[in-house]
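Asker: From the sequence below, what's the structure:
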Amino acid sequence: MEPQHVIVVGCGRVGSELTHRLLGEGHSVAIVDKNPDAFRRLHAPGARTVVGFGFDRETLVEAGVDRAFGFAAVTSGDNSNILSARIARDVYGVPNVVARIYDPRRAVVYERLGIQTVATVTWTTDQALGRLFPMRVERPWVDSTGELTVVELTVPPEAIGRSLEELERSGELSVVALVRASDVRLDARRAVLQEGDRVVVAAKRAALEELGAWVRADTATTPEAR
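Answerer: Numbers count the residues shown, from 1 in each chain. Coordinates of the predicted model:
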């Protein structure tokens, strides 16, 4: 994965851990917090610290929003997180945005607005990274031969509107399930992919590597047509 620039809003336990992970993987990070004292908990040399609010234009520009690949709003306020995430996506066009929420009942509403969310009760850094970097393979199940992998992938914007059936390759890759909000479907091969969908696939190693190239293609071509 090529190094990217990510903005993290909120330097609490979650924000500092996420920043540490991102820097460890070679990405550049600007972390934003309204309280300068919050940065004392940050043990991640290399992160750029910006004092301000995640929904403030000057703060976002200083944090490098014009070149950001990902944006994670992880403060303690649902409204601030959603507002910051929507501004990052709708105003500045940041392609991968995730917001932490405390009220899981809001998740479906926010995801209909195009904001991927992770509720506090289920939040993990791995979940955040999976939404910031679609097609990221994090701790997959691998069989004893090392050839077969079962993994859950977040659908990137480039794949929205395509048929899930296009992913399959006979004997090489099979769709196991479609995860949409809180609903899991095992018979969804003919479903059209929507924003926020996650797909569970079982694939041989070579087919999984090709899958990343397929979903990023500018035009929808089936794997067989490559």
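Asker: Okay, buried residues for stretch 52-70 please.
Answerer: 52-56, 59-60, 63-65, 68-70 (16 or more other C-beta atoms under 10 Å). (C-beta placed from N, C-alpha, C; glycine too.)
Asker: Need those residues in a markdown table (columns: secondary structure, distance to Gly77 and pLDDT).
Answerer: As requested, those are exported to a markdown table (DSSP: H, G, I helix; E, B strand; the rest coil; distance: C-beta to C-beta, whole Å; pLDDT from 0 to 100):
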| residue | secondary structure | distance to Gly77 | pLDDT |
| --- | --- | --- | --- |
| Gly52 | coil | 15 | 96 |
| Phe53 | coil | 10 | 95 |
| Gly54 | coil | 10 | 95 |
| Phe55 | coil | 11 | 94 |
| Asp56 | coil | 14 | 95 |
| Thr59 | helix | 16 | 97 |
| Leu60 | helix | 17 | 97 |
| Ala63 | helix | 18 | 97 |
| Gly64 | coil | 23 | 97 |
| Val65 | helix | 20 | 97 |
| Ala68 | coil | 21 | 96 |
| Phe69 | coil | 24 | 93 |
| Gly70 | strand | 20 | 93 |
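Asker: Tell me the one of those residues nearest Tyr102?
Answerer: Gly54 (16.1 Å; C-beta to C-beta).
Asker: Next up, the contacts around that closest one.
Answerer: 7, 9-10, 32, 60, 73, 75, 80-81, 83-84, 87-88 (C-beta atoms under 8 Å, 6 or more residues apart in numbering).
Asker: Which phi and psi values does it adopt?
Answerer: phi -70, psi -10 (degrees, to the nearest 10).
Asker: Let's see which of the contacts of Gly54 end up in strands.
Answerer: 7, 9, 32, 73 (DSSP state E).
Asker: any idea how far the closest residue to the second one other than its chain neighbours lies from Arg40?
Answerer: Nearest non-adjacent residue to Val9, counting by C-beta to C-beta, 6 or more residues apart in numbering: Gly54, 3.4 Å away. Relative to Arg40, Gly54 is positioned 19 Å away (C-beta to C-beta, to the nearest Å).
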